[in-house]
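Student: From the sequence below, what's the structure:
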Amino acid sequence: MRHNLPPDQKELYRRVDEVLHYVWDPIGVAEVPQARDEYYTYLPRVFSLLQSRAPTSEIVDFLVTTQSETMGSGESPGVRSHAEKIAALLEEWRDWIQQRGPIV
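Tutor: From the prediction side, this is the model:
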């Protein structure tokens, strides 16, 4: 998907990938190089939500549902709070890239 994107969107796609892998990381694989592709399945949806400027709650709900139901971890008390922080971080990246352009 990212190969057909303009530079600013390609930059956002890369940042979403990094945030999902290194910060969201619900199954704790950020330190495992062989698991670098673990969250690729969720990347296009999160990117699409950001690009369409979906409400923050929609991004949070997607992350919570993915972790709790798709990954089967259940919704523990910190899941929603962590997803809210991740959504805010992703939105900050989106806004920064749209203002400043991609990092070259």
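
Student: Can you check what pLDDT the model gives the closest residue to S68 other than its chain neighbours?
Tutor: Distance criterion CB to CB, 6 or more residues apart in numbering; nearest residue to S68, sequence neighbours excluded, is E75 at 4.2 Å. (Glycine included, C-beta is placed from N, CA and C.) E75 is assigned 72 on the pLDDT scale.

Student: now swap in A54 and tell me
Tutor: 98.

Student: what residue ranges in this structure score low on pLDDT?
Tutor: 1-3, 102, 104 (pLDDT under 70).

Student: max-length helix in it?
Tutor: Secondary structure of the chain per DSSP state H: the longest helix is helix 77-100.

Student: So which elements touch that one?
Tutor: helix 7-18, helix 43-51, helix 56-65 (3 or more CB pairs under 8 Å, 6 or more residues apart in numbering; DSSP states H and E).

Student: could you dump these to JSON lines with mean neighbour count and distance to E84?
Tutor: Shown next, in JSON lines, are the helices and strands packed on helix 77-100 (neighbours: other CB atoms under 10 Å; distance: least, CB to CB, whole Å):
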{"stretch": "helix 7-18", "mean neighbour count": "19", "distance to E84": "16"}
{"stretch": "helix 43-51", "mean neighbour count": "18", "distance to E84": "14"}
{"stretch": "helix 56-65", "mean neighbour count": "17", "distance to E84": "5"}
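
Student: any chance of these in CSV, plus distance to G101?
Tutor: Listed next are these as CSV, based on distance: least, CB to CB, whole Å:
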stretch, distance to G101
helix 7-18, 6
helix 43-51, 16
helix 56-65, 23
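
Student: Out of the ones you listed, the one nearest R100 is which?
Tutor: Proximity to R100, assessed across the helices and strands packed on helix 77-100 by CB to CB, is greatest for helix 7-18 (9.1 Å).

Student: could you check the angle helix 77-100 makes with the closest one?
Tutor: 160 degrees (axes from the mean of the first three to the mean of the last three CA atoms, to 10 degrees).

Student: From the chain's centroid, how far away is helix 7-18?
Tutor: Chain-centre distance of helix 7-18: 10 Å, with CA atoms, centre = their mean, to the nearest Å.

Student: likewise stretch 90-104?
Tutor: That offset, for stretch 90-104, works out to 14 Å (CA atoms, centre = their mean).
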